[in-house]
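1. Below is the sequence, then the predicted model.
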Amino acid sequence: MSLFKARDWWSTILGDKEEFDQGCLCLANVDNSGNGQDKIIVGSFMGYLRIFSPHPAKTGDGAQAEDLLLEVDLRDPVLQVEVGKFVSGTEMLHLAVLHSRKLCVYSVSGTLGNVEHGNQYQMKLMYEHNLQRTACNMTYGSFGGIKGRDLICIQSMDGMLMVFEQESYAFGRFLPGFLLPGPLAYSSRTDSFITVSSCRQVESYKYQVLAFATDADKRQETEQQKLGSGKRLVVDWTLNIGEQALDICIVSFNQSASSVFVLGERNFFCLKDNGQIRFMKKLDWSPSCFLPYCSVSEGTINTLIANHNNMLHIYQDVTLKWATQLPHIPVAVRVGCLHDLKGVIVTLSDDGHLQCSYLGTDPSLFQAPNVESRELNYDELDVEMKELQKIIKDVNKSQGVWPMTEREDDLNVSVVVSPNFDSVSQATDVEVGTDLVPSVTVKVTLQNRVILQKAKLSVYVQPPLELTCDQFTFEFMTPDLTRTVSFSVYLKRSYTPSELEGNAVVSYSRPTDRNPDGIPRVIQCKFRLPLKLICLPGQPSKTASHKITIDTNKSPVSLLSLFPGFASQSDDDQVNVMGFHFLGGARVTLLASKTSQRYRIQSEQFEDLWLITNELILRLQEYFEKQGVKDFACSFSGSMPLQEYFELIDHHFELRINGEKLEELLSERAVQFRAIQRRLLARFKDKTPAPLQHLDTLLDGTYKQVIALADAVEENQGNLFQSFTRLKSATHLVILLIGLWQKLSADQVAILEAAFLPLQEDTQELGWEETVDAAISHLLKTCLSKSSKEQALNLNSQLNIPKDTSQLKKHITLLCDRLAKGGRLCLSTDAAAPQTMVMPGGCTTIPESDLEERSVEQDSTELFTNHRHLSAETPRPALFTIAKIWNQPKCPSTDDWIKKMWCVYTMEYYSAFKKKEKRRKSCHVQQHR
């Protein structure tokens, strides 16, 4: 942004809700006054024409009543205004106004007033031309070298150039290959019209060629002229600029040289008379309008270029000389002489902000105040700093990991979920295989204490759960109002959601005396949906591919009392077995041990275990809380089912890669389809018919491929979304098992959830794999690091899709290994629990004897088990070991990684029996790595 602002000399706002464009502004001595002062002529799309002559009393004054010389309602949209010698028999300047279907030429004159109201101006219609075609823009000049008068050329929307010799119509010509109109300008030195076609080419047409070409009233006649008699309309020269043009302007140094300036979307070009490029300038912003004019230096040109960042840049050829800031985005810019002030810059915005300004700076009147001189006492500052640090530390300890939020008493939000299904299901457009999908009603009640503004309730549930309505708005104009809304929730698609928890979020503004618009605030209330919404009683299964066992410290509870709505049989023999059948098709079996304090959950799909396991733990906690038992606890002592978890990760990553390949292939076929279309269009437009050479067959085949690839991309996106939901379910289950296994606190579980579940949606640009890998790497290099060297490693700032999932799986395994060896999750380097020794990052050391005892107890054959059939025998502590190969530049292959892990485990197992040779063998292992 520039340090300088445009100095406001005079400004005003035109009309109310009027629109303007680049052709609506003109500066000229339209009233032919003797002093030669320019007037500002502005036309609007609403049909109003205004003429201003600014006379500010002092710089920066707004418009006065006497500054507006004339205001006329022409009743037709004004597309462009120009001033020139448009009336025959006189060389006086007249005003030409272009409407969509009419060209009008006016005479503007003023009479001296005898009263204090000043001079009076009037506008008289000299002649008008009714247009047969809708006009786009116009240009004027001494076409054909005629002196003393100006001719007008109008370009229509369908590509016809209509030439008017003042009061009479001369001829009309269609431009060849026309599709859309572009900017139009006239070069008097070469006597040619210059425009930019829709093919992004600058084209020049000689006036003599246009005049002597065969006349055409219809576009079809121009095609006949190519085959018949008459002079053909040919282009003088062309130049491909590769982008659409916003405007064209011709600047003449003298009679021997002139330049053609073209403003593109990202560049502006300076061309010679023959179409060769003199220079071009690449712009780093999006331009809105420009104005080139001759510089004081001979042979150079100054160019004013305005952009959409409210900036005005002044270039001398390609050198930036000045940059200034404007209060609006101009669509037209002009330079003129107003009130004996030369070089005034006049800008007009699309909403009618008209400003006259000049470049320059004002002297700074700021003076730095005198600073009280006194010597600094660094000892006192040090003491004060220590006191402040102590206060900050005490506050952080009292608040815990997360800062305490202030009490939300402006608005109370409560959610009640109906215990029964809706009598008439509200489910619509469901894709579930069952005949009837139930729905449940949820009621949200809001009660305000003070006046609130812009209250909006948004309800969120996990897909594929669907809401009948998820957005509500309220008005709390008085205190103590109660508002209640109801909606239904149902399962829309045939797979299981990752969570049954919903969230009701209310955003509102609380007005205050200092802020009447209100202070924005947000309050949320979570609610839990019933399990029976997505699940039905099912037949228990004796065998399953995936099993997990949850241990408790209390006697087993009857499953009929825990899940009263899912009892398919009432026999006493079946109180410890229960089956669940999800609406999506999955089946889960829950077994309670008769002799031990264990519960087993088993299913054919690993991710389906999550909801029943979580529901079991929650209902057990609620059951024992009602019994008054406070020391109830759950634990997990089996091996972590990482292999099943990694299979889901690989499946999700494979779908992402497939989606990327399908999109690339679809893009290639789309490019091929457009290329074939262009070739066919060229064949159809050719005057000599030629065989298609099976281009139509190729077009049809490519079209079918595009449709098939688009369907494949859509199908893959649906599968990817479903896979991501299953991956989230498996991730929730792994986090739950890690928390039970290591007896993590709620804050530590929250850290794991933030690392493993950072995204609510999975996209190709930012996916789950790279995000989770970065989060776990951060944990391994901070709170779970083993040395200060690991903490010094920096993470990559860019998240790109990985080549495979081997590194992610290695980091997850390493995370479990660090937790098994005593590592503790925390957000700071200070450990929360008292420890004898704290390693860098808050990872505690493991005693040598403890590690040896674990190595002796752990069977070497259980390190790389499949984890599908978990043993029900006496639990053994899970031991994760991994080779220290993270300092290598590349990740090793899976086979090499397993061999190194097996080697390390064998050495640790053997060292339990050979303590005397431990140091030598450890050194040998390090050398091996």
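-> Alright, I've got the coordinates.

2. Just give me the neighbour total for residue 307.
-> Residue 307: 19 surrounding residues under other Cβ atoms under 10 Å. No exception for glycine: its C-beta is placed from N, CA and C like everyone else's.

3. If you could redo that for residue 133, that was the one I meant.
-> Neighbours of residue 133 under the rule other Cβ under 10 Å: 16.

4. just residue 343 next, same as before
-> Neighbours of residue 343 using other Cβ under 10 Å come to 11.

5. That one: what's it in contact with?
-> 335, 337, 358 (Cβ atoms under 8 Å, 6 or more residues apart in numbering).

6. Relative to residue 174, which of the residues you listed is nearest.
-> Lowest distance from residue 174 to the contacts of residue 343 (Cβ to Cβ) belongs to residue 335, with 35.4 Å.

7. Unless I misread the structure, that closest one falls within a strand.
-> Yes - the assignment for residue 335 by DSSP: H, G, I helix; E, B strand; the rest coil puts it in a strand.

8. doesn't residue 341 make contact with it?
-> No - using Cβ atoms under 8 Å, residue 335 is not in contact with residue 341; the gap is 11.3 Å.

9. And the pLDDT for residue 776?
-> pLDDT for residue 776: 90.

10. If you drop the residues flanking it in sequence, what lies closest to it?
-> Distance criterion Cβ to Cβ, 6 or more residues apart in numbering; nearest residue to residue 776, sequence neighbours excluded, is residue 811 at 4.6 Å.

11. and the one you found, what helix or strand is that in?
-> Under the criterion DSSP states H and E, the helix or strand holding residue 811 is helix 806-820.

12. Which strands or helices does that helix pack on?
-> The helices and strands touching helix 806-820, judged by 3 or more Cβ pairs under 8 Å, 6 or more residues apart in numbering; DSSP states H and E, are helix 642-685, helix 695-742, helix 768-781, helix 894-911.

13. possible to save those as CSV with mean neighbour count and distance to residue 798?
-> Shown next, in CSV, are the helices and strands packed on helix 806-820 (neighbours: other Cβ atoms under 10 Å; distance: least, Cβ to Cβ, whole Å):
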stretch, mean neighbour count, distance to residue 798
helix 642-685, 15, 17
helix 695-742, 18, 22
helix 768-781, 20, 9
helix 894-911, 16, 26
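
14. of these, which approaches residue 64 most closely?
-> Nearest to residue 64 among the helices and strands packed on helix 806-820 is helix 642-685; the distance by Cβ to Cβ comes to 57.5 Å.

15. so where's the stretch 101-250 of the chain shaky on pLDDT?
-> Counting by pLDDT under 70, the stretch 101-250 of the chain shows low-confidence ranges at 113-118, 215-231.

16. what about the helices in it?
-> Ranges of helices in the stretch 101-250 of the chain, per DSSP state H, counting those that start in this stretch, are 207-212, 219-227.

17. go on, the stretch 451-600 of the chain?
-> 559-562.

18. For residue 554, give me the backbone phi and psi.
-> phi -130, psi 160 (degrees, to the nearest 10).

19. so who does it touch?
-> Residue 554 touches 597, 624, 629, 632, counting by Cβ under 8 Å, 6+ apart.

20. I figured the last one hits residue 621, correct?
-> Yes - using Cβ under 8 Å, residue 632 makes contact with residue 621 at a distance of 6.6 Å.

21. Report how many residues lie close to the residue nearest to residue 776.
-> Other residues lying near residue 811 total 19 when counted by other Cβ under 10 Å.

22. Does it touch residue 780 like I think?
-> Yes - counting by Cβ under 8 Å, residue 780 is a contact partner of residue 811 at 6.5 Å.

23. Poorly predicted segments of the stretch 551-700 of the chain, please.
-> Applying pLDDT under 70 to the stretch 551-700 of the chain flags the ranges 568-575.

24. for the stretch 251-400 of the chain, same thing?
-> For the stretch 251-400 of the chain, applying pLDDT under 70 flags the ranges 253-256, 296-299, 361-374, 396-400.

25. can you give me the helices for it?
-> Going by DSSP H, counting those that start in this stretch, the stretch 251-400 of the chain shows helices at 378-399.

26. what about residue 111, how many residues close to it?
-> 9.

27. Excluding chain neighbours, what is closest to it?
-> Residue 111 sits nearest to residue 120 (Cβ to Cβ, 6+ apart), 5.1 Å away.

28. Surely that neighbour and residue 109 touch.
-> No - here residue 120 lies out of contact with residue 109, judged by Cβ under 8 Å, at a distance of 9.6 Å.

29. Return the distance of the helix holding residue 811 from the chain's centre.
-> Its chain's C-alpha centre and that of helix 806-820 lie 33 Å apart, by Cα atoms, centre = their mean, to the nearest Å.

30. what are the phi and psi values for the residue nearest the centre of the chain?
-> The centroid of the chain falls nearest to residue 765 when counting by Cα atoms, centre = their mean (11.1 Å). Main-chain dihedrals, residue 765, degrees, to the nearest 10: phi -70, psi -40.

31. ok, back up a step: can you tell me how far the residue nearest to residue 776 sits from residue 713?
-> Plainly put, residue 811 is 31 Å away from residue 713 if you go by Cβ to Cβ, to the nearest Å.

32. same check, this time on residue 36
-> Distance, residue 36 to residue 713, using Cβ to Cβ: 67 Å.

33. Could you do residue 351 as well?
-> As judged by Cβ to Cβ, residue 351 and residue 713 stand 42 Å apart.

34. One more: residue 552?
-> Counting by Cβ to Cβ, the gap from residue 552 to residue 713 is 48 Å.

35. Please apply the same query to residue 458.
-> The gap separating residue 458 from residue 713 is 30 Å, by Cβ to Cβ.

36. now swap in residue 132 and tell me
-> From residue 132 across to residue 713, the span is 49 Å (Cβ to Cβ).

37. got it, and residue 451?
-> For residue 451, the distance to residue 713 (Cβ to Cβ) stands at 50 Å.

38. same question, residue 107
-> Residue 107 is 65 Å from residue 713, by Cβ to Cβ.

39. now do residue 382
-> Applying Cβ to Cβ, the value for residue 382 to residue 713 is 64 Å.

40. What's the end-to-end length of stretch 584-602?
-> The straight-line separation of the ends of stretch 584-602 (Cα to Cα, to the nearest Å) is 17 Å.

41. List the buried residues for it?
-> By 16 or more other Cβ atoms under 10 Å, the buried positions in stretch 584-602 come out as 584, 586-592, 598-602.

42. and the two most separated of those?
-> Across those, the longest distance by Cβ to Cβ is 27.8 Å; it joins 584 and 598.

43. I'd say residue 523 and residue 413 touch.
-> Yes - the pair residue 523 / residue 413 is scored as a contact, 5.8 Å apart, by Cβ under 8 Å.

44. Any idea how far stretch 760-778 is from the middle of the chain?
-> Chain-centre distance of stretch 760-778: 17 Å, with Cα atoms, centre = their mean.

45. What are the contacting residues of that stretch?
-> Against stretch 760-778 from outside (Cβ under 8 Å, 6+ apart): 649, 652-653, 656, 659-660, 663, 720-721, 724, 727, 754-756, 758-759, 795-796, 799-802, 805, 807-808, 811-812, 815.
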